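Q: fold the following.
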Amino acid sequence: MASRTRHHGPATTARDGSPRRRLPMRLLLPMLLLVALVAMLMLRGYVHSEILADHRIQPEAATGKVPEKILDGGPVIDTRSGRTTSLKVPDHRLVLTFDDGPDPTWTPEVLDVLKEHHAHAVFFVTGTMTSRYPELVKRMVDEGHEVGVHTFNHPDLSYQSKSRIDWELSQNQLALAGAAGIRSSLFRPPYSSFADAMDDKSWPVTEYIGTKGYLTVVNNTDSEDWQKPGVEEIISNATPRDGKGAIVLMHDSGGDRHQTVEALDRFLPEMQEKGYRFDNLTEALDAPSALTPVAGVDLWKGKAWVFLVRASDDITGVMAVALAVIGATVIGRFALMLLLSGAHACRVRRKDFSWGPPVTEPVSVLVPSYNEAKCIENTVRSLMASEHPIEVIVVDDGSSDGTARIVEAMGLPNVRVVRQLNAGKPAALNRGLANAGHDIVVMMDGDTVFEPATVRELVQPFGDPKVGAVAGNAKVGNRNSMIGAWQHIEYVMGFNLDRRMYDILRCMPTIPGAVGAFRRSALERVGGMSDDTLAEDTDITMAMHRDGWRVVYAENARAWTEAPETVQQLWSQRYRWSYGTMQAIWKHRRALVEKGPSGRFGRVGLPLVAMFMVVAPLLAPLIDIFLIYGVVFGPTQKTIVAWLGVLAVQAVCAAYAFRLDRERMTHLISLPLQQILYRQLMYVVLLQSWITALTGGRLRWQKLRRTGVVEAPGGPVPSQRTRSSDRRPVA
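A: Residues are numbered from 1 along each chain as shown. Predicted coordinates:
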């Protein structure tokens with residue numbers, strides 16, 4: 001409140017000379033960050049075959065269109081440049097082929113066995129696995145093995161269009177370039193078998209693949225290791241008859257492959273003793289290598305792709321872990337909040353409960369005001385109905401709308417007006433404190449109204465000499481709109497339920513500016529209200545804890561405040577709160593390492609405030625992003641059930657808070673919508689506060705527009721001035 005100058009976002013000039021507003025950084029940066037997170041999540045989903053994956057498998061079809069020489073030929077099919085030929089591997093030559101990798105667990109073991117027995121093989125890798133584990137593909141190439149293309153997402157190509165086939169091939173080649181700096185001319189169709197299994201659905205694909213410069217490689221010996229039949233059976237299936245050459249199908253990915261590794265370790269030396277050589281395909285065919293180096297732009301595009309895939313895996317992995325940790329912490333907090341708030345209610349509602357001797361001496365009520373002409377009369381008249389003896393000091397902080405004149409014209413007893421030049425709320429409160437005539441000081445905002453019993457209930461905890469400050473029960477008066485109802489839920493659940501918990505833990509972080517009371521001697525010991533932060537109420541509360549005073553919550557000290565009624569006003573208010581809270585946490589950070597009451601607050605209160613008011617809300621969008629992703633790309637049912645479970649926990653907490661505060665449950669109807677929309681607004685506000693803090697910006701206080709519609713339920717009806725609005729007071 002040090003300065004109430006409203007500042008606007010940057011603007012440019014349109015062609016017609018009129019100012020043209022640009023998107024402010026507070027909106028642009030969060031939007032860009034969200035877009036980046038969504039892009040990373042979508043990329044990960046694509047690479048993990050959760051997006052655009054096609055798991056359909058074509059049933060067997062007729063073979064009338066497939067040339068007989070292909071059906072009766074070898075496992076290497078060449079349809080390049082219009083050719084229709086096939087090749088067989090020479091006798092006593094074995095070409096081991098491994099599909100669907102690389103796998104981080106089994107591929108290294110397969111490579112180790114091959115290296116031990118000086119054997120080469122061909123690995124038909126998918127683009128998804130190559131993108132995720134590029135170092136394994138590089139090891140394959142470095143150790144002399146050949147690498148072939150097995151599509152990117154492993155779909156049955158007979159279902160796919162030519163454009164999708166091109167995409168599958170090019171993306172796989174992009175991954176190979178990024179992983180090992182090579183391009184391959186070997187291709188194996190997913191779900192392929194022997195050459196005689198070629199049919200009228202797969203043959204056109206094979207022909208088209210040839211026009212792209214690929215040799216199609218199927219197999220003529222299937223180890224059937226994917227069925228896990230046992231080591232002996234795998235060896236038997238992989239062994240060709242009568243010294244014939246063969247292309248042997250095995251797998252290094254897709255599940256537990258320990259049988260494959262064990263069989264391979266026996267198969268290689270046994271077959272080598274029989275005179276077999278284990279070569280790459282091109283070695284076995286005495287042909288040029290199928291691998292060609294990639295350089296220039298294509299190489300850097302591949303490296304960029306692999307980098308982005310790694311980044312998407314790392315970022316989404318961190319997001320998932322952070323979400324799990326925060327989720328568990330929030331659920332734990334909910335449980336602790338329910339337990340401790342219930343304990344607080346039971347304690348203070350006992351018939352024999354007492355803070356100490358009843359507090360009956362008069363108190364001073366300070367009302368700092370700046371341009372509160374629409375509200376100040378309701379505020380002061382509500383104080384005149386107080387059941388506790390009070391003096392009222394209205395500190396006019398340089399108002400330009402006649403706030404001070406309105407109070408003076410009311411001519412009420414025990415009400416004084418103190419004028420000062422605009423200096424901010426902390427200065428106004430200190431000015432009021434200097435003019436206060438009593439040892440207990442109540443502070444309230446100029447847009448707030450008290451119930452008759454509020455002051456009496458607020459000051460009773462001072463019967464305990466250890467209590468230095470008391471937080472009252474602030475409530476939203478204008479809750480008849482959607483945004484007002486959302487804030488009502490937030491006040492009851494997020495603020496007042498929290499305050500009960502913090503009271504039990506003895507680490508109350510904030511005395512609300514709308515309704516709070518202080519022992520004057522305690523205020524003077526900590527130096528009064530400070531303007532070091534924009535959250536002077538949080539700052540002074542933390543200072544009280546560090547000075548050894550107890551700060552407690554008085555649930556029956558109800559005050560009705562006018563909450564912001566537009567998104568812009570709410571933004572301004574919460575921006576100031578969030579930034580001010582960060583400032584206060586930073587200001588009192590030394591409490592973390594101090595001893596005594598200060599250290600206790602630093603090691604209990606500060607982490608709780610930082611976690612649940614500064615860090616956790618930043619992850620709010622992740623919940624909805626993962627929710628939408630799970631609903632669209634699956635598992636849909638589990639995602640919806642999980643989200644409904646979280647919502648149910650929040651609903652239970654909200655209902656319990658409403659019950660403790662004796663509020664009607666009807667406003668909880670808007671809770672699901674609040675969790676989706678309101679949370680996002682708070683996220684953007686908090687992110688903007690982080691940006692301001694990290695860039696060293698100076699946030700200025702912004703005055704909220706008031707309507708003066710709030711009255712205390714059951715309180716006196718003040719004389720109303722004529723207003724341009726016909727809105728009714730909210731009871």
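Q: mean confidence for the longest strand seen in the chain?
A: Longest strand of the chain, by residue count under DSSP state E: strand 550-561. Mean per-residue pLDDT for strand 550-561: 95.
Q: give the pairing partners of it; include direction for each.
A: strand 448-450 (antiparallel), strand 467-476 (parallel) (DSSP bridges).
Q: looking at those, which is closest to residue 261?
A: Of all these, strand 467-476 sits nearest to residue 261, with 65.5 Å by C-beta to C-beta. All C-beta atoms are positioned from the backbone trio N, CA, C, and that covers glycine.
Q: before we move on, back to that, redo the strands paired with strand 550-561 as CSV? Include mean neighbour count.
A: Below are the strands paired with strand 550-561 laid out as CSV (neighbours: other C-beta atoms under 10 Å):
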stretch, mean neighbour count
strand 448-450, 28
strand 467-476, 26
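Q: out of the ones you listed, flag the one nearest residue 68.
A: The closest approach between residue 68 and any of the strands paired with strand 550-561, judged by C-beta to C-beta, belongs to strand 467-476 at 82.9 Å.
Q: roughly how far out does the closest one sit from the chain middle?
A: Per C-alpha atoms, centre = their mean, to the nearest Å, the displacement of strand 467-476 from the mean C-alpha position of its chain is 32 Å.
Q: export that strand as PDB, just CAs?
A: Provided in PDB are the C-alpha atoms of strand 467-476 (Å, rounded to 0.1, in the frame of the first residue of the first chain):
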ATOM      1  CA  VAL A 467      -0.700 -14.500  23.500                       C
ATOM      2  CA  GLY A 468       0.600 -11.600  21.500                       C
ATOM      3  CA  ALA A 469      -1.800 -11.600  18.500                       C
ATOM      4  CA  VAL A 470      -5.100 -13.000  17.500                       C
ATOM      5  CA  ALA A 471      -6.400 -13.900  14.000                       C
ATOM      6  CA  GLY A 472     -10.200 -13.500  13.500                       C
ATOM      7  CA  ASN A 473     -12.500 -15.300  11.100                       C
ATOM      8  CA  ALA A 474     -12.700 -13.300   7.900                       C
ATOM      9  CA  LYS A 475     -15.600 -14.100   5.700                       C
ATOM     10  CA  VAL A 476     -16.700 -13.100   2.200                       C
END
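Q: what helices or strands is whichever helix or strand comes after that strand leaning on?
A: As assigned by DSSP states H and E, the chain's next helix or strand after strand 467-476 is helix 482-489. Secondary-structure packing of helix 482-489 (3 or more C-beta pairs under 8 Å, 6 or more residues apart in numbering; DSSP states H and E): strand 467-476, helix 567-587, helix 671-673.
Q: check contacts around residue 608.
A: 502, 505, 507, 509 (C-beta atoms under 8 Å, 6 or more residues apart in numbering).
Q: JSON lines for those residues, including pLDDT, neighbour count and distance to residue 451?
A: Shown next, in JSON lines, are the contacts of residue 608 (pLDDT from 0 to 100; neighbours: other C-beta atoms under 10 Å; distance: C-beta to C-beta, whole Å):
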{"residue": "502", "pLDDT": "94", "neighbour count": "26", "distance to residue 451": "23"}
{"residue": "505", "pLDDT": "93", "neighbour count": "16", "distance to residue 451": "28"}
{"residue": "507", "pLDDT": "93", "neighbour count": "22", "distance to residue 451": "28"}
{"residue": "509", "pLDDT": "92", "neighbour count": "26", "distance to residue 451": "25"}
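Q: point out the most buried one among the helices and strands packed on helix 482-489.
A: Highest mean neighbour count among the helices and strands packed on helix 482-489 (mean count of other C-beta atoms under 10 Å): strand 467-476, with a mean of 26.
Q: pLDDT (mean, whole number) over it?
A: On average, strand 467-476 scores 95.
Q: so it versus helix 482-489, what angle?
A: Here strand 467-476 points in a direction 150 degrees away from that of helix 482-489 (axes from the mean of the first three to the mean of the last three C-alpha atoms, to 10 degrees).
Q: the strands paired with strand 550-561: which one's closest to residue 279?
A: strand 467-476 (78.3 Å).
Q: and the helices and strands packed on helix 482-489 as JSON lines, adding distance to residue 161?
A: Formatted as JSON lines, these follow (distance: least, C-beta to C-beta, whole Å):
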{"stretch": "strand 467-476", "distance to residue 161": "57"}
{"stretch": "helix 567-587", "distance to residue 161": "46"}
{"stretch": "helix 671-673", "distance to residue 161": "41"}
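Q: for residue 274, find the nearest of those.
A: Closest approach to residue 274 among the helices and strands packed on helix 482-489 (C-beta to C-beta): helix 671-673, 70.1 Å.
Q: so how far is that closest one off the chain centroid?
A: 18 Å.
Q: next structured bit after it?
A: Downstream of helix 671-673, the next assigned helix or strand under DSSP H and E is helix 679-694.
Q: just checking, residue 248 is part of a helix?
A: No - under DSSP: H, G, I helix; E, B strand; the rest coil, residue 248 sits outside any helix and is assigned strand.
Q: check which helix or strand covers the closest residue to residue 100 other than its chain neighbours.
A: Excluding the flanking residues, the one nearest residue 100 by C-beta to C-beta, 6 or more residues apart in numbering is residue 253, at 4.1 Å. In the assignment (DSSP H and E), residue 253 maps to no helix and no strand.
Q: contacting residues around residue 253?
A: 98, 99, 100, 101, 102, 103, 106, 107, 129.
Q: about what we covered before: for the longest strand of the chain, list the C-alpha coordinates in CSV.
A: Taking C-alpha atoms only, strand 550-561 is exported to CSV below (Å, rounded to 0.1, in the frame of the first residue of the first chain):
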residue,chain,number,x,y,z
ARG,A,550,1.8,-17.0,20.8
VAL,A,551,-0.5,-16.2,17.8
VAL,A,552,-3.9,-17.9,18.0
TYR,A,553,-7.2,-18.1,16.1
ALA,A,554,-10.6,-16.9,17.4
GLU,A,555,-13.3,-18.7,15.3
ASN,A,556,-16.2,-16.6,16.6
ALA,A,557,-14.6,-13.2,15.8
ARG,A,558,-16.3,-12.9,12.5
ALA,A,559,-15.7,-10.1,10.0
TRP,A,560,-17.4,-9.6,6.7
THR,A,561,-15.2,-8.3,3.9
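Q: buried sites along it?
A: Across strand 550-561, burial judged by 16 or more other C-beta atoms under 10 Å covers 550, 551, 552, 553, 554, 555, 557, 558, 559, 560, 561.
Q: what's the farthest-apart pair in the residues you listed?
A: By the measure C-beta to C-beta, 550 and 560 form the most distant pair in the buried residues of strand 550-561, at 26.4 Å.
Q: where along the stretch 301-450 of the chain do the strands fall?
A: 363-369, 390-397, 415-420, 440-443, 448-450 (DSSP state E, counting those that start in this stretch).
Q: want to throw the ones you listed into CSV with distance to residue 339?
A: CSV is the format used below for those (distance: least, C-beta to C-beta, whole Å):
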stretch, distance to residue 339
strand 363-369, 34
strand 390-397, 36
strand 415-420, 44
strand 440-443, 31
strand 448-450, 31
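Q: for residue 9, give me the pLDDT.
A: Value for residue 9, per-residue pLDDT: 46.
Q: need the contact partners of stretch 220-228.
A: With C-beta under 8 Å, 6+ apart, stretch 220-228 has contacts from 74-75, 88, 193-195, 233-234, 237-240, 246-251, 254-257, 259-260, 263.
Q: hang on, isn't residue 442 packed against residue 456?
A: No - counting by C-beta atoms under 8 Å, residue 442 does not reach residue 456; the two are 10.6 Å apart.
Q: before we move on, back to that, any idea which of the contacts of residue 253 is closest to residue 314?
A: Distances from residue 314 to these, taken by C-beta to C-beta, are shortest for residue 129, at 16.8 Å.
Q: where does the closest one land in three-state SS?
A: Quick answer, by three-state DSSP: residue 129 is helix.
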